[in-house]
Structure formats: structure tokens, C-alpha cells
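**Student:** Fold the following for me, if possible:
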Amino acid sequence: MKYNSENTYLTLPKLFFQKTLPEQVSDPKIAVWNESLAKELGFQNITKKEQEKYFSGNEIFKNSSPIAQAYAGHQFGHFTILGDGRAIVLGEQITLAGNRIDVQLKGSGRTPYSRSGDGRATLYSMLREYLISESMHGLGIPTSRSLSVVSTGNPVYRQTVQKGAVLTRISASHIRIGTFEYAARTQSIKEVKALADYSINRHYPELLKNKNPYLSFFKKVVEQQIKTVVNWLRVGFIHGVMNTDNITISGETIDYGPCAFMNTYDPNTVFSSIDTQKRYAFGNQGRILLWNLARLAETLLPLFDDKEESALSLAQVVIDNYESQYQKAFTQMMRGKLGFEGEQESDEKLIAEFLQWMKNANADYTNTFLSLESELLNRESTIKFTIQQFDEKTTNQLNTLLAKWKLRVGKNTDNALELMQGANPRVIPRNHLVEKALNSAANDGDYTQFHDLLKVTTNPYVNDTTASNFQVPPTNDGSYQTFCGT
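**Tutor:** Numbers count the residues shown, from 1 in each chain. The predicted structure follows:
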């Protein structure tokens, strides 16, 4: 195994990190190992003993300089100074494709930013992040990845005593909007500039040639994050904690705490136990993204222009363009889900009508689009669109919509089907199935359900008849809640 222990983050001012070693664990055992990802990273030919030793934090790679990163964040709208309270970046690995990525241990013990926390993580929550992050990757959504989960043999004390574990998280970087907020609130423009220069060089070096690379950087982050959040909406994903410390400048999805997938379509859907005001509801994620991006713009203003008025004007243009940029991306995504080739003025209205019908009918979000594909093939849906489940009024509304939809699709049914199959997953990580798999693995030590679910959710666009059991929605999802896991 070849590990590149370089850590370019150490070239930043010291306020952005503190060197920190993981805490030892008593009995590390590999719970899950991602062999395909390991090969991509260049971690092939590693023994099980090495996996347990290095990815539990019991031993550090030669010449590695582990760090905990400092950052801040607006959590539910309130500004807070934060930092890696239970995560340590071991360093950066150059993948076989030549990409630089962070290798981070999560749940590896206390750091200088832990405050009153123990720095540990439960096996249940780390298996959850592994399953969801790898499923998101399978869905084609920018995301952090999971290399391994190592059980520690040490108890973790939450509401109950639980098994402890360490997750190895792989990410393009862990630079967040909150990292910029930390620099802007606690230091001077010199530190913000250093972070911006580093971020551009690491993620978007092509912007260096631009007349105003810092403004171009902001525009790029806006573009990347819109792509990511629109992709969330494509598959019914609800992040649950869209705080600025959970929004990366790379566009990757990170931190799978109280996240979940929507079953019955309703833009007001919230599963997070702490989101009592529905701030991060499914349909609100686009608006919250704009709010978060505005916080990033505030930190970068002095870099946009020396004159405050001019800097504000430059930033405002980007902010003002957000709504049309976001709506265009959303509409194009929905065209794919519905099989619409090209663009027609009536598309937005028809999309809105379909979504409103689904809400009124309490229709399953994922399966409704799969059933439309069956309509194109002139066959009965295997996942039970079942018009007869609706009352007469709802059925008539659906028939009217189907007629409009078929007219819009026209004769290009093959092209429409191809678009739909690329946009609509056969399966998603249904919340009730995730919980069953995690309970079985974390509590009973039986990983059968976990690996079965992982297999289908990491290949979600494959027509696999054996996956039908994973397509059935729960009978009652209204009481389902998710938690931070900290």
C-alpha cells in the first residue's frame, strides 16, 4: 500500500488547524471495508491487520501530520465558532487518477475543538454515514465517500451505551463556507485571502487566469452547489442540517447526520428531530442554499474589490442571478425525470401540475416516475402506480395529466425513456430499510441486510428484478425521525 502523507493544508496560517493525534482504541475490528474505493485511492494490497491499525487511528502513517480543522458556521441561522470536534484529517492522498483527496478519521477521539464532547462516534451512526454516502455516490451525486468503518471495542455513552466506531471519510477537501466565516469573523482579510488562494489552487486552478479570480471563485461555488442541491431534489434527499459548516466549496455533500429520503411527495417534509421550524425541509433546500451562499459572499467582499460599494454591487449581481440559475437547473432536471426532450415554454407549468398532483394524492415520489416509464412501455407497472388507490377526482386529474404528458413526450418514446432511466433511480435507501439494516448490523452483528441494501442502492439505475423488495414504501413514514448521532 502506498500512502501519500503530504498535507498542503498545513501551508495555511495556523489559525485554520491544530495538529492532533487520534486517541487509541482497545480492540479495532473491520466492520466494513470499501475494496473498490480502496483501489481507486491506491490503498490496494493492504492487509486486514493494517486496515484495523491505520483506520482506527491506533497507528499513524509514516510522516503523516494529522490535524483537526477550525471553522465556524451558521447553525439554524445562528453564528457559532466550531471546529472538528471528533474528526482528524490524516493527510492527503493522490489517487490513481491524479486527484488530491482528504483522508479523515471520524469518531477518532477528542480534539482541541471538542468542547464538552467525547470525540467518539457510535457504530450505528458511522455505518449510517457509510451506507448513505456510498448510496449517494451510486446515485451520481457529488459526495464524500466512505472507505471503512472500524469498530473500536470501546463503549460510547449517548442516551444509552452503544458500540463505538471510527469512519474513514474521503473528500475532495473539508473546506466549508464555515471555514471562510471563521477566518472573516476571527481574523483579518489576510487570512481570508490565504484561504481563498488555497481553495482556488486546490479546486479551481483554471480560475487563476481570470481578471477577478475571487469573484469567479464565488460564482463557481454557486454553480457547483446548485448542481448538488438540484440532484438532491431529483432523488428525494433531505440533508437535514444545511448549516454553513456543512456546505463545501467543492460542491460535495458532507455530514450525513439527520438526513433522510422522502417517500410520499410533500415539499414540507422534514425528518430531523431538531428542525422543528422546517428550516431545512425538502422544498426549502434551494432557498437555504442561497442564504448560505450569501454568507460566503460576505466573507469574500474585500477580495472582490477594494471599494466596498463596488464589491457589494459585484456580489449582488451573482445573488440576483441565483433564482433564475437555480430554476433553470431545477426545470432541466425535472425534464429528465419526465422524459422531456428539448425545451418548451409550457414545461414549467406541466412540471408544477405533476408535483401538485403528487402532493394532493400522497403519491410516492420515486415510484411515481418509475410508473410513468411503465406507461411509456405500455405495460403494467411492477411497482404499483395503481390508479385505483385514488378517489375518482384524483384519478381524473391523473388521467388529464397523463394525456398532457404523453402529448409532450410525443413520438420520441425511446429518447424519453432513456432520459427517464438516467434521471430516476430504481431504488433509494428507504428510511425504514436503512433502520432495519443498521439495527441488525450494529446491535446484532448481522450485516446481511446492510450489504444487501448497499448492493442495490449503489447500483440504483440497474433494472434488477431482485430489487423489488427494496422499492416498497413504508406503510407509515410520518412518525420517522432522524438524529445528529453526536
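**Student:** per-residue confidence at the nearest residue to Tyr124 once chain neighbours are set aside?
**Tutor:** Nearest residue to Tyr124, sequence neighbours excluded (Cβ to Cβ, 6 or more residues apart in numbering): Ala442, at 4.0 Å. The way it works is simple: take the backbone N, C-alpha and C, and place the C-beta from them, glycine included. Predicted confidence (pLDDT) at Ala442: the value is 97.
**Student:** How about Lys411?
**Tutor:** Lys411 is given a pLDDT of 87.
**Student:** Next: Gly485.
**Tutor:** 58.
**Student:** any idea where the helices of the stretch 151-300 of the chain begin and end?
**Tutor:** Using DSSP state H, counting those that start in this stretch, the helices of the stretch 151-300 of the chain run over 177-186, 189-203, 213-235, 285-304.
**Student:** Quick check: buried residues in the host helix or strand of Asp320?
**Tutor:** Assigned by DSSP states H and E, Asp320 falls within helix 308-338. Buried residues in helix 308-338, counted by 16 or more other Cβ atoms under 10 Å: 311, 314-315, 318, 322, 326, 329-331, 333-338.
**Student:** ok, now stretch 463-472?
**Tutor:** Across stretch 463-472, burial judged by 16+ other Cβ under 10 Å covers Ala467, Phe470, Gln471.
**Student:** Among the residues you listed, which one sits closest to Leu90?
**Tutor:** Comparing the buried residues of stretch 463-472 against Leu90 with Cβ to Cβ places Phe470 closest, at 34.5 Å.
**Student:** Now do that closest one against Asp452, distance only.
**Tutor:** 8 Å (Cβ to Cβ, to the nearest Å).
**Student:** what's near enough to touch the residue nearest to Ser310 when sequence neighbours are not counted?
**Tutor:** Leaving aside its chain neighbours, Ser310 sits nearest to Phe304 (7.6 Å; criterion: Cβ to Cβ, 6+ apart). By Cβ atoms under 8 Å, 6 or more residues apart in numbering, the residues touching Phe304 are Asn212, Tyr214, Leu215, Phe218, Ser310, Ala311, Leu314, Ala315.
**Student:** pLDDT at Phe304, what is it?
**Tutor:** Phe304 is given a pLDDT of 98.
**Student:** ditto for Ser479
**Tutor:** Looking at Ser479, its pLDDT stands at 66.
**Student:** coming back round to it: among the helices of the stretch 151-300 of the chain, single out whichever gets nearest to Ser250.
**Tutor:** Closest among the helices of the stretch 151-300 of the chain, using Cβ to Cβ: helix 189-203, at 5.4 Å.
**Student:** tell me which residues of the closest one are tucked away?
**Tutor:** Neighbour-count burial for helix 189-203 [16+ other Cβ under 10 Å]: Glu191, Val192, Ala194, Leu195, Ala196, Asp197, Tyr198, Ser199, Ile200, Arg202, His203.
**Student:** So what touches that helix?
**Tutor:** Helix 189-203 is contacted from outside by 8-9, 11-13, 15-16, 100, 172-173, 175, 179-180, 183-184, 207-208, 213-214, 217, 249-250, 299-300, 302-303, using Cβ under 8 Å, 6+ apart.
**Student:** State the distance from Ala194 to Glu308.
**Tutor:** For Ala194, the distance to Glu308 - Cβ to Cβ - is 21 Å.
**Student:** Dead centre of the protein: give me the residue that sits there.
**Tutor:** Nearest to the geometric centre of the chain sits Thr253, at 2.9 Å (Cα atoms, centre = their mean).
**Student:** wait, what's in contact with it?
**Tutor:** Thr253 makes contacts with Ser133, Met136, Ile141, Pro142, Thr143, Ser144, Thr228, Trp232, His239, as judged by Cβ under 8 Å, 6+ apart.
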